[in-house]
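Asks: pasting a predicted model and its sequence here:
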Amino acid sequence: MSDKNKFQPSKKVVKADGTIAWIWEGKLHNMEEAALVHPNGKKEYHIHGIQYSHDDWKERRRNREGLPWYKTAMGQAGQNRN
């Protein structure tokens, strides 16, 4: 995969109030940990901007669901949807 085709990692943004947000393509997104961490310790889990409960997030992360078809193993192998 060439450099211009690599997926960019999520970017960590620390807001003035201390909230930590992980942003990818303009949406809250983090497959490794909470995408939004509030100063009081509350965590929110998001995949491609969609909020999930911690259990649902863990399930989707384990199965890699929630990814666009072209980012799954089958999509990256050059398979098309037809």
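Replies: That came through fine.

Asks: point out where this structure drops to low pLDDT.
Replies: 1-7, 64-82 (pLDDT under 70).

Asks: longest helix of this structure?
Replies: Ranked by number of residues, the top helix in the chain under DSSP state H is helix 54-63.

Asks: for residue 24, give me its contacts.
Replies: Residue 24 is in contact with 8-11, 30, 48, counting by CB atoms under 8 Å, 6 or more residues apart in numbering. The C-beta positions use only the backbone N, C-alpha and C, and glycine is treated the same way.

Asks: adding secondary structure and neighbour count, write those residues out as a markdown table.
Replies: Listed next are the contacts of residue 24 as a markdown table, based on DSSP: H, G, I helix; E, B strand; the rest coil; neighbours: other CB atoms under 10 Å:
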| residue | secondary structure | neighbour count |
| --- | --- | --- |
| 8 | coil | 7 |
| 9 | coil | 10 |
| 10 | coil | 19 |
| 11 | strand | 11 |
| 30 | coil | 22 |
| 48 | coil | 15 |
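
Asks: can you give me the helices in this protein?
Replies: Going by DSSP H, the chain shows helices at 54-63, 73-76.

Asks: give the contact list for residue 17.
Replies: Contacts of residue 17 by CB under 8 Å, 6+ apart are residue 39.

Asks: quick one: the closest residue to residue 37 other than its chain neighbours from residue 60, how far?
Replies: Counting by CB to CB, 6 or more residues apart in numbering, the nearest residue to residue 37 once its immediate chain neighbours are dropped is residue 20, at 4.4 Å. Noted for residue 20: a distance of 21 Å to residue 60, by CB to CB, to the nearest Å.

Asks: closest to residue 40 among the contacts of residue 24?
Replies: Ranked by distance to residue 40 (CB to CB), the contacts of residue 24 are led by residue 30 at 18.8 Å.

Asks: the closest one and residue 43 touch, don't they?
Replies: No - using CB atoms under 8 Å, residue 30 makes no contact with residue 43, being 10.2 Å away.

Asks: what's the distance between the residue nearest to residue 37 and residue 38?
Replies: 8 Å.
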